[in-house]
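Novice: okay, predicted coordinates and the sequence, questions at the end:
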Amino acid sequence: MSTNSKQPVFSCEFFPPRTDAGMEKLLATHQQLIDTVNPSFFSVTFGAGGTTRDRTMETVKQLRSDNNQIIVPHISCMGSSKQQLSDLLDEYIELGINRLVTLRGDVPDDGTADNELMHANELVTFIREKTGDHFHIEIAAYPEYHPESASPDEDFKYFLNKANAGADSAITQYFYNVDAYTRFVDKCEQSQLAIPIVPGIMPITNYANLVRFSDACGAEIPRWIRKQLEAYENDLDSLRAFGTDVVAQLCHQLLDAGAPGLHFYTLNQSDAILNIWNKLK
Ligand code: FAD
């Protein structure tokens, strides 16, 4: 992996809150992160289906009206027709949005989804055909491989395919093995893919939730981390202090290894990110 001489770029991810109280709390979190991390953008996740889809738009509008920060909506083809996606793109252009995180989305639990575009590469192509170079397109990358993929080689081939459809940069699924990331970036370089691959950083604050998320998305929790978190099951302060140490060290190692920046999965909370940030400084 070649080293990076540029200043690292930081970004933070939110999900759309379900309630007014959740939105108020998010706006406070947003301000705290601006005052400290001052990320280059905030992204807002996208849920398949009507009401969750609408909540992404509402959250984007709220955050944009809150101050002048760059807001980056996620968009997925899961559960949406081409017409719905096209309308959404028009609305984002009208709002002045010029960057998107472009995804397939997760298959609903019952296995059914009403979509016309089947994979994220098709959505990248669709956005480029419809809007040209208007959007900076981010895509998802999986250094530990996507859980549905038949093999590492096939997953990587599809990643290249998606990137070459017109992506500008990628954000990874979270991971705690630095080697998985550096090998992934090396493979991209060997395949002449030069887009920035920004590691996604998941803070460690709750053992049960981390295990549940990690099982679902295919992120490995190394044994030494898992065992220590288990041991701190009834001692939340120690668990969080350990989690902060581990994740801050991961961030250091990634930046030292040449990562172009870090994308923080905030889970709409600022405390864990600020603890990591203070150690990083
Ligand atoms: P794809 O790139 O389409 O890949 C999905 C699977 O299909 C992989 O196994 C891949 O190997 C395979 N594949 C890819 N292309 C092809 C092809 N042409 N033919 C056959 N197989 C193929 N989910 C949400 O619902 N909303 C969000 O806002 C959201 N934000 C995310 C942000 C980031 C940074 C990341 C890393 C993930 C996010 N996710 C989100 C989760 C994501 O939607 C899931 O991981 C989803 O299962 C895959 O999305 P993808 O865009 O990577 O899909």
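Specialist: Sure, I can see it. Owing to the predicted nature of the structure, the values given are computational and were not obtained by experimental measurement.

Novice: packing partners of the host helix or strand of residue 56?
Specialist: According to DSSP states H and E, residue 56 maps onto helix 50-66. Where contact means 3 or more C-beta pairs under 8 Å, 6 or more residues apart in numbering; DSSP states H and E, helix 50-66 is packed against helix 20-36, strand 41-44, strand 71-76, helix 82-95. For glycine as for every other residue, the C-beta is placed from the backbone atoms N, C-alpha and C.

Novice: save the ones you listed as a markdown table, and put in mean neighbour count too.
Specialist: Formatted as a markdown table, the helices and strands packed on helix 50-66 follow (neighbours: other C-beta atoms under 10 Å):
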| stretch | mean neighbour count |
| --- | --- |
| helix 20-36 | 15 |
| strand 41-44 | 22 |
| strand 71-76 | 23 |
| helix 82-95 | 15 |
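
Novice: buried stuff in stretch 258-268?
Specialist: Buried residues in stretch 258-268, counting neighbours by 16 or more other C-beta atoms under 10 Å, are found at 259-268.

Novice: cool, and stretch 103-117?
Specialist: 103-106, 113, 115, 117.

Novice: who's in contact with residue 93?
Specialist: Residue 93 makes contact with 131, 134, according to C-beta atoms under 8 Å, 6 or more residues apart in numbering.

Novice: got a pLDDT number for it?
Specialist: pLDDT for residue 93: 97.

Novice: try residue 121
Specialist: What the model reports for residue 121 is a pLDDT of 98.

Novice: what is the orientation angle of the strand or helix carrying it with strand 71-76?
Specialist: When elements are assigned from DSSP H and E, residue 121 belongs to helix 120-131. Put simply, helix 120-131 runs at 120 degrees to strand 71-76, going by axes from the mean of the first three to the mean of the last three C-alpha atoms, to 10 degrees.

Novice: start the count at 459, not 1, going forward
Specialist: Sure, I'll start numbering at 459, so the last one becomes helix 578-589.

Novice: can you name the residues in contact with helix 578-589?
Specialist: Outside helix 578-589, the residues touching it (C-beta under 8 Å, 6+ apart) are 533-535, 540, 543-544, 547, 551, 558, 560-562, 575, 593, 595, 597-598, 616, 619-620, 623-625.
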